[in-house]
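Undergrad: Just need the structure, nothing else, for what follows:
(chains A and B)
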Amino acid sequence: SQTIHQWPATLVQPVGSPLSLECTVEGTSNPNLYWYRQAAGRGLQLLFYSVGIGQISSEVPQNLSASRPQDRQFILSSKKLLLSDSGFYLCAWRGARRGGDTQYFGPGTRLTVL
Amino acid sequence: AQSVTQLDSHVSVSEGTPVLLRCNYSSSYSPSLFWYVQHPNKGLQLLLKYTSAATLVKGINGFEAEFKKSETSFHLTKPSAHMSDAAEYFCVVTNFGNEKLTFGTGTRLTIIP
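TA: Below you'll find the predicted structure:
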C-alpha cells in the first residue's frame, strides 16, 4: 500500500530564516505530487505541483519554491520566511495513470513564523 | 471553470442523530466530486468520491453522498452521528485530467453529547 510522509511535523522559525519541508511517498512510482497551504480559518491553496522529476508548476507567485530531486520526493523551500508564510502545509500525491484523479494527503507540517 | 460552495460553515448535531453537510458545485465538464475529513492538526482523509458511476456513493465510517446533477449538489449524510465524527469536512471538485482540485471553505461539524 502507498504511504506519504512529511517532516517535520511542527516548525517554529524566525522571520527571514530559510525553510525546507520534505515529503516522500512510498509504494508507488511516478506519482503526481502537490504542495498545499492551509491558512487559519481558510481552505486549501495549491502552491506547486509536479508530474515528474525536475518538473515543477507554480500556482501562486510568492517567496516559496519547490523541487523534486527524486521520483518520490518533493521539497518546499524558502530563502527568507515572511510572517504570512505561517500555516499548515500539506503534501499530496495521486497516481499518474488514467483515471487516477484522487489525491491522497500527508499528515501535514504546522509552520509558525515569528 | 469549476467551483464548490459549502452552504454551512458550522453544523452542530446531537450524538446519535443524522448528519447533513451541504455542498453545491459548478463545473464546465463532467465533474469528479470528493468529500475529505480533517481532524485537528491532521492531514485530509478521503471519505468518498463520485466519478460518474453510481449516483449514491458510500464511503468510510458510515458516510454517504448523493450526486444530483439537476440540483448540482453533492450533500454528505450519515444516519447516526458519533463523537468521533467531530471534524472539518471539505467538499472538492475537479475534472478528469485536471491537476487542480477546487476546495470548498469547509464545514466544521460539532457533535453534542
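Undergrad: how about low-confidence regions in chain B?
TA: The model of chain B has pLDDT under 70 over residues B:97.
Undergrad: Would you mind listing what in it touches chain A?
TA: Residues of chain B lying close to chain A (CB under 8 Å from any CB of the partner chain) are B:32, B:34, B:36, B:41-46, B:49, B:51, B:90, B:94, B:96-101, B:103-106. For glycine as for every other residue, the C-beta is placed from the backbone atoms N, C-alpha and C.
Undergrad: What strand or helix carries the closest residue to residue A:109 other than its chain neighbours?
TA: Once flanking residues are discounted, residue A:109 sits nearest to residue A:89: 4.7 Å by CB to CB, 6 or more residues apart in numbering or on different chains. Following DSSP states H and E, one finds residue A:89 within strand A:87-94.
Undergrad: by contact count, what packs against the helix or strand following that strand?
TA: Once strand A:87-94 ends, the next helix or strand along the chain (criterion: DSSP H and E) is strand A:104-105. Packing partners of strand A:104-105 (3 or more CB pairs under 8 Å, 6 or more residues apart in numbering or on different chains; DSSP states H and E): strand A:87-94, strand B:44-50.
Undergrad: What pairs with the last one, parallel or antiparallel?
TA: Translated: strand B:44-50. Sheet pairing for strand B:44-50, assigned by DSSP bridges, gives strand B:31-38 (antiparallel).
Undergrad: sorry, back to before: just the buried subset of the residues of chain B next to chain A, please.
TA: Neighbour counting by 16 or more other CB atoms under 10 Å in any protein chain shown classes B:32, B:34, B:36, B:43-44, B:46, B:49, B:51, B:90, B:94, B:99, B:101, B:103-104, B:106 among the residues of chain B next to chain A as buried.
Undergrad: Let's see the distance spanning stretch B:42-59 from one end to the other.
TA: Stretch B:42-59 stretches 19 Å from its first residue to its last (CA to CA, to the nearest Å).
Undergrad: ok, now which ones touch residue A:10?
TA: Residues near residue A:10 by CB atoms under 8 Å, 6 or more residues apart in numbering or on different chains: A:109-112.
Undergrad: what about residue A:45, helix or strand, and which?
TA: Going by DSSP H and E, residue A:45 is in strand A:44-52.
Undergrad: Give me the distance from that strand to the chain's centre.
TA: How far strand A:44-52 lies from its chain's middle: 7 Å, per CA atoms, centre = their mean, to the nearest Å.
Undergrad: Check which residues of the helix or strand that it is followed by are buried.
TA: Going down the chain from strand A:44-52, the next helix or strand is strand A:55-58, by DSSP H and E. Buried residues in strand A:55-58, defined by neighbour count with 16+ other CB under 10 Å: residue A:56.
Undergrad: pLDDT on strand A:55-58, on average?
TA: Average pLDDT, strand A:55-58: 92.
Undergrad: Quickly run through the sheet partners of that strand, with directions.
TA: By DSSP bridges, strand A:55-58 pairs with strand A:44-52 (antiparallel).
Undergrad: Which residues outside the partner strand are in contact with it?
TA: With contacts defined as CB under 8 Å, 6+ apart, strand A:44-52 is touched by A:30, A:32-39, A:56-60, A:62, A:64-66, A:68, A:71, A:74, A:76, A:90, A:96, B:44, B:90, B:99-101, B:103.
Undergrad: cool, stretch A:53-73 as well?
TA: A:19, A:22-26, A:28-31, A:33, A:35, A:45-52, A:74-82, A:85, B:99-100.
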